[in-house]
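Colleague: Below are the sequence and a predicted model for it; my questions follow.
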Amino acid sequence: MQTTDRACERRILVINPNSNETVTRGLDGALALLARAGIAIDCMTLAEGPFGIQSQADVEQVALPLRDLVRREAADAYVIACYSDPGLHVCREATDRPVLGIAECGVLTALARADRFGVIAVASRSIPRHLRALRQMGVAERLAGERALEMTVAETASGTDTLARMIAVGRDLRDRDGAGALVMGCAGMAIHRRGLEQELGIPVIDPTQAAVAMAIGIVAVG
């Protein structure tokens, strides 16, 4: 689905690398706020992906299908909407257009909002993977902490008590770890950003919104 007219000249393609359409619909809703004349924002599901990307094996599984999709689908910029940034570098090799990963963009946005940030992870086994990425970015010392919901990707997108669990984890990151801003560590959490921020009183970053906002800036200035 797209958030602006298909007749628009420029296009940002947002790819959900898992096969869960509920996550993609949540992205559509979260990105509607960024719709503007002249730039189409299209959200697409990677049909070949697992139902949720929750392990390194899942990350590796979708890398080449993502690359092939980038080669097939013309766009002015691409956003990989998974907090593990799967296939980011191989996709960048496949096109001369910008390819943005939501983890990178979410963290960079958090650094602009607070001295130290926290991350809400889906599950504990995701945290070592996220920490490796922060070390590669050279920003690990700005991390206040990362805590897990201990849920599945599907549950973050449609679970009945997801927001309550996110609020509890977010409070620990704020009060115990000293985080001044939070990054939601899964694209499936997108529908909860506003409620979480209102409850906690500190900036909460939806990394997909952050990545698309960056992509809009890149596309707009040519």
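Modeller: Sure, I can see it.

Colleague: in this structure, which spans are strands?
Modeller: Counting by DSSP state E, the segments of the chain that form strands are 10-16, 39-45, 77-80, 99-101, 117-121, 143-148, 181-184, 204-205.

Colleague: outside of the fourth one, which residues touch it?
Modeller: When you say that, I think you mean strand 99-101. By C-beta atoms under 8 Å, 6 or more residues apart in numbering, the residues outside strand 99-101 that reach it are 70, 77-80, 85, 88, 91-92, 211, 214-215. The C-beta positions use only the backbone N, C-alpha and C, and glycine is treated the same way.

Colleague: Can you say which of these are buried?
Modeller: Neighbour counting by 16 or more other C-beta atoms under 10 Å classes 70, 77-80, 85, 88, 91-92, 211, 214-215 among the contacts of strand 99-101 as buried.

Colleague: ok, of those, which one's closest to residue 148?
Modeller: Distances from residue 148 to those, taken as C-beta to C-beta, are shortest for residue 85 (18.2 Å).

Colleague: For residue 211, see how far away that closest one is.
Modeller: Look at residue 85 and residue 211: by C-beta to C-beta, to the nearest Å, they are 10 Å apart.

Colleague: Between those two, which contacts overlap?
Modeller: Listed as contacting both residue 85 and residue 211 by C-beta under 8 Å, 6+ apart are 101-102, 104.

Colleague: so what's residue 51 up against?
Modeller: By C-beta under 8 Å, 6+ apart, the residues touching residue 51 are 18-20, 153-154.

Colleague: Tell me the one of those nearest residue 176?
Modeller: Taking C-beta to C-beta as the measure, residue 176 lies nearest residue 153 of these, at 25.4 Å.

Colleague: just checking, the closest one touches residue 186?
Modeller: Yes: proximity of residue 153 to residue 186 meets the contact threshold set by C-beta atoms under 8 Å, at 6.0 Å.

Colleague: Now, the contacts of residue 51 that are in helices?
Modeller: Cross-referencing the contacts of residue 51 with the helices (criterion: DSSP state H) gives 153-154 as the overlap.

Colleague: And the contacts of residue 51, which is closest to residue 169?
Modeller: When the contacts of residue 51 are compared for distance to residue 169, the smallest value, 15.8 Å, is given by residue 153; criterion: C-beta to C-beta.

Colleague: Residue ranges in this structure under the pLDDT threshold?
Modeller: Low-confidence segments of the chain, defined by pLDDT under 70, span residues 1-8, 159.

Colleague: In it, mark out all the helices, start to finish.
Modeller: Secondary structure of the chain (DSSP H): helices at 21-31, 56-72, 88-94, 102-113, 127-137, 153-158, 162-175, 193-200, 207-220.

Colleague: list the buried ones in stretch 19-26?
Modeller: Neighbour-count burial for stretch 19-26 flags 19-20, 22-26 (criterion: 16+ other C-beta under 10 Å).

Colleague: How is the protein partitioned into domains?
Modeller: With the TED database as the criterion, the domains of the chain are listed as 10-101+209-221, 103-207.

Colleague: related to what we said a few turns ago, with distance to residue 57 as added columns, please give the strands of the chain in a markdown table.
Modeller: Putting those into a markdown table (distance: least, C-beta to C-beta, whole Å) gives the following:
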| stretch | distance to residue 57 |
| --- | --- |
| strand 10-16 | 18 |
| strand 39-45 | 20 |
| strand 77-80 | 17 |
| strand 99-101 | 19 |
| strand 117-121 | 17 |
| strand 143-148 | 19 |
| strand 181-184 | 23 |
| strand 204-205 | 27 |
